[in-house]
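Trainee: Task: produce atomic coordinates for the following.
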Amino acid sequence: MSPERKRVKMSASSSALDVKCIDTVRMFSADMVQAAKSGHPGAPMGCAPMAHILWSDTMSYSPSCPEWSNRDRFVLSNGHACALQYSMLHLTGYDVTVDDCKAFRQLDSKTPGHPENFCTPGVEVCTGPLGQGLSNAVGMAISEKHLASTFNTPKFSPVDHFTYVICGDGCLQEGITSETSSLAGHLGLGKLIVLYDDNNITIDGSTDLSFTEDVGKRYESYGWHVQSVTDVSDLDSLRTAIRNAKLETDKPSIIKVKTVIGLGSSKQGTAKAHGAPLGDEDLANTKKHFGLDSAKFFNVESDVAEHYKSVAASVEEEKTQWDAMMLAYAKEEPELWAEYNRRFNGELPAGLSDLLPTFSAGAKDAASRKLSEACINSIAEKMPELMGGSADLTPSNLTSLKCSKDFQKDSPDGRYIRFGVREHGMAAICNGMFAHGGLRPYCATFLNFAGYALGSIRVSALSRFGVIYVMTHDSIGLGEDGPTHQPIEMIESLRSMPNCNVLRPCDINETNAAYQIALEQSGTPAIICLSRQGLPNLAGSEVAKAKMGGYILSDVASPDIVLVGTGSETSLCFKAAEELKAAGINARVASMMCMDVFDGQSEAYKKSVLGEGIPVLAVEAAAVGSWNKYSHVQICMKRFGASAKGGDLMKRFGFTVDNVVDKSKKVVEFYKKVACPNLFARPVFEDEIRGGH
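Mentor: Next up, the predicted model:
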């Protein structure tokens, strides 16, 4: 039997209008799910009091200017409850109409099935994969703390806001929140406030099945300020807890709020309220239970509408006051004001690309991770918004900033973040930093451990966040650490992801180009894959050509074969071509620094690089995968690696000049007997759905 249906408690600060507003939000959200015949009504119904208090009493925001840089950030980490967020955005005057709400979960609507930052004004990040949102919020709180230390003065505070999160049991079960919450406590992110929807229900049933830890004690051990509200309907206690959290400036706060999923319905307090519409009869009865008209859908009575209209007017006044303050800031601190605007407008500093290093005669062979270090530090001083770090691999990734100290609790002006061994959380934090604005985040680990971060990298691509991922030790060439550390399928996995640039430079010019692409394409994450072993600078490599993704490195008049490589294997192709020439075989050498960028070039350009009806041999110490579309034959990895010296492994698996020469000769002989297929002899459909996310 379901628990007895409950109502909001009346208290000194919970007026009858508060109660009516909350019940309206509950049923407006449930109407969305019912109209779509799909979705999650239970969490919005249980969490409605939290949302009402946040939007009515707590947060600073601007419905008329959702991108206001000093708004409080709100993240719905349990994104399946998005009907709640859409209800609040609609009621407080954002560009989310009642018709948008009626189109919940429908094609091209502003109200998708989980929050998407590029669809809905007022939505900060894509949430749905549980735990991502809370972890993004840690990145937002880091951004606020750092930017406040950068731009605030004794007289002016252009950066002064909180980050609020609603999360559920599932978010706290995901390992990613353990990673990011631990770091948040270490960093003392006092302007991060999490409201935990503690409803004791998961999809499988009661949390007694799998989640019986003491969340409060866990978060105390992380260094958080922990409070409990035993009944979400007690608005006095809820307001007090939020007020206390705002006063605790040295620690992030979590408020454990007891809720009832699907409150008021016949399914309340059960898993049945989680992921399916209430049904017509239960929906009508629940409206009656709350004293609302059971015959009306998406109904907002005039007093409720007027309340939220007055709230919107009040918060808009806060922005007006901030705007006036910024006019005075511009007069008294013109350089800070100009820099603030440049950063939040997403404009790169002028002349940045001119600072990146290029090939110089006599330069010694160098690992591309070392070249990456030179690139990062060449621009870091000129680009103060560049902020990031490594997952406890700084000496290996070579990502430290020589011009800055660490970002720590007592040094918020530092720009280098010690993420610790937290790859997944690290990437999610960087997503939050990018979403916040004013910063350009980067982070680093070994390429193979991108697998740990893959869920967050996917969200980067989906969200159009240009996070820069510095991934070193990019092949079996890393050597003795063995197959647990050697990436095989990882490059292909990342290349198959939409809106994700995987860049594998072969020398300093290409590393320069990789960073230019990463910086300029701010709506696309960049995975820069870098070697542990030394690489030569190649004659013919050019920054401008490399920015095309693929280009001709060395050409001949009538090529018998095209050799195309990436990263450390490009030099093998270059040297093999020289030996093939001595054997009477003309080989063109191409570099495919970024297949994703090359994919976007014109058919004519791609044909000019790879030719038509000419055999193409691809050489890359990674899985074959997408090479099939740009080559006839491949020297690639078809198994896991082994533990040995890098040079011995390259020889064992065929990544040698001798093997490239041998295979090239065999390919040329083969296609003397058989017509070589034209790689581009296929239809190109202009109406294919491309781009976006």
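Trainee: Poorly predicted segments of the stretch 351-500 of the chain, please.
Mentor: 361 (pLDDT under 70).
Trainee: those strands in it, which residues are they?
Mentor: Assigned by DSSP state E, counting those that start in this stretch, the strands in the stretch 351-500 of the chain fall at 366-367, 386-390, 416-418, 440-446, 468-472.
Trainee: Which secondary structure elements does the shortest one sit against?
Mentor: What it means is strand 366-367. strand 534-535 (3 or more C-beta pairs under 8 Å, 6 or more residues apart in numbering; DSSP states H and E). Heads up, the C-betas are built off the backbone N, CA and C, glycines and all.
Trainee: So what touches the strand it packs on?
Mentor: By C-beta atoms under 8 Å, 6 or more residues apart in numbering, the residues outside strand 534-535 that reach it are 364, 365, 366, 367, 368, 506, 507, 567, 568, 571.
Trainee: Follow the chain on from that strand and name the next helix or strand.
Mentor: Of the helices and strands lying after strand 534-535 in sequence (DSSP states H and E), the nearest is helix 543-546.
Trainee: Extract the C-alpha set from that following helix and format it as CSV.
Mentor: C-alpha atoms of helix 543-546 as CSV (Å, rounded to 0.1, in the frame of the first residue of the first chain):
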residue,chain,number,x,y,z
VAL,A,543,51.3,24.9,-40.0
ALA,A,544,48.8,26.3,-42.5
LYS,A,545,48.5,23.0,-44.4
ALA,A,546,48.3,20.9,-41.3
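Trainee: and the closest residue to residue 409 other than its chain neighbours, how many neighbours?
Mentor: Distances taken as C-beta to C-beta, 6 or more residues apart in numbering put residue 188 closest to residue 409, at 3.9 Å, once the chain neighbours are dropped. Residues near residue 188, counting by other C-beta atoms under 10 Å, number 19.
Trainee: Quick one: distance of stretch 298-306 to the chain centre.
Mentor: When distances are taken as C-alpha atoms, centre = their mean, to the nearest Å, stretch 298-306 is centred 37 Å away from the chain's centroid.
Trainee: Figure out the length between the terminal residues of it.
Mentor: 16 Å (C-alpha to C-alpha, to the nearest Å).
Trainee: how about the residue nearest to residue 409, what does it touch?
Mentor: Contacts for residue 188 (C-beta under 8 Å, 6+ apart) come out as 223, 250, 251, 252, 409.
Trainee: Give me the pLDDT for the second one.
Mentor: I take that to be residue 250. pLDDT recorded at residue 250 is 98.
Trainee: who touches it in this structure?
Mentor: Here residue 250 is in contact with 188, 190, 409 (C-beta under 8 Å, 6+ apart).
Trainee: what about 6 Å?
Mentor: By C-beta atoms under 6 Å, 6 or more residues apart in numbering, residue 250 lies in contact with 188, 190.
Trainee: for the third one, same thing?
Mentor: Counting by C-beta under 6 Å, 6+ apart, residue 251 makes contact with 190, 224, 225.
Trainee: so how far is residue 384 from residue 372?
Mentor: 19 Å (C-beta to C-beta, to the nearest Å).
Trainee: Those two - which one has more neighbours?
Mentor: Higher neighbour count among residue 372 and residue 384: residue 372, with 26 against 16, using other C-beta under 10 Å.
Trainee: wait, what's in contact with that one?
Mentor: By C-beta under 6 Å, 6+ apart, the contact set of residue 372 is 511, 530.
Trainee: Apart from its neighbours in sequence, what residue is nearest the residue most central in space within the chain?
Mentor: By C-alpha atoms, centre = their mean, the chain has its centre lying nearest to residue 460, at 2.8 Å. Leaving out its chain neighbours, the residue that sits closest to residue 460 by C-beta to C-beta, 6+ apart is residue 525, at 4.0 Å.
Trainee: how many neighbours does that neighbour have?
Mentor: Residues lying near residue 525 (other C-beta under 10 Å) number 31.
Trainee: contacting residues around it?
Mentor: 460, 461, 467, 500 are the contacts of residue 525 under C-beta under 6 Å, 6+ apart.
Trainee: Can you pick out the ones from the residues you listed that are in helices?
Mentor: Judged by DSSP state H, the contacts of residue 525 include 460, 461 as members of helices.
Trainee: Which two among the contacts of residue 525 are spaced furthest apart?
Mentor: Distance extremes for the contacts of residue 525: the farthest pair is 467 and 500 at 10.2 Å, using C-beta to C-beta.
Trainee: what about this structure, any weak spots by pLDDT?
Mentor: Across the chain (using pLDDT under 70), the flagged ranges come out as 1-14, 361, 687-693.
Trainee: contacting residues around stretch 122-133?
Mentor: Against stretch 122-133 from outside (C-beta under 6 Å, 6+ apart): 66, 73, 75-77, 79, 89, 94, 114-117, 136, 170-171, 174, 176-177, 428, 435, 455, 459, 462-463.
Trainee: Tell me which of these fall in strands.
Mentor: 73, 75, 76 (DSSP state E).
Trainee: Let's have those in CSV, adding distance to residue 215 and neighbour count.
Mentor: Below are the ones in strands among the contacts of stretch 122-133 laid out as CSV (distance: C-beta to C-beta, whole Å; neighbours: other C-beta atoms under 10 Å):
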residue, distance to residue 215, neighbour count
73, 23, 25
75, 18, 28
76, 19, 29
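Trainee: Reformat those residues as a markdown table; add distance to residue 618.
Mentor: Output for the ones in strands among the contacts of stretch 122-133, formatted as a markdown table (distance: C-beta to C-beta, whole Å):
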| residue | distance to residue 618 |
| --- | --- |
| 73 | 45 |
| 75 | 43 |
| 76 | 44 |
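Trainee: Number of residues surrounding the closest residue to residue 488 other than its chain neighbours?
Mentor: Nearest residue to residue 488 in three dimensions, chain neighbours excluded: residue 637, at 5.0 Å (C-beta to C-beta, 6+ apart). Close neighbours of residue 637, defined as other C-beta under 10 Å, add up to 23.
Trainee: Check residue 651 too.
Mentor: 14.
Trainee: Across the sheet, point out what pairs with the residue nearest to residue 488.
Mentor: residue 623 (DSSP bridges).
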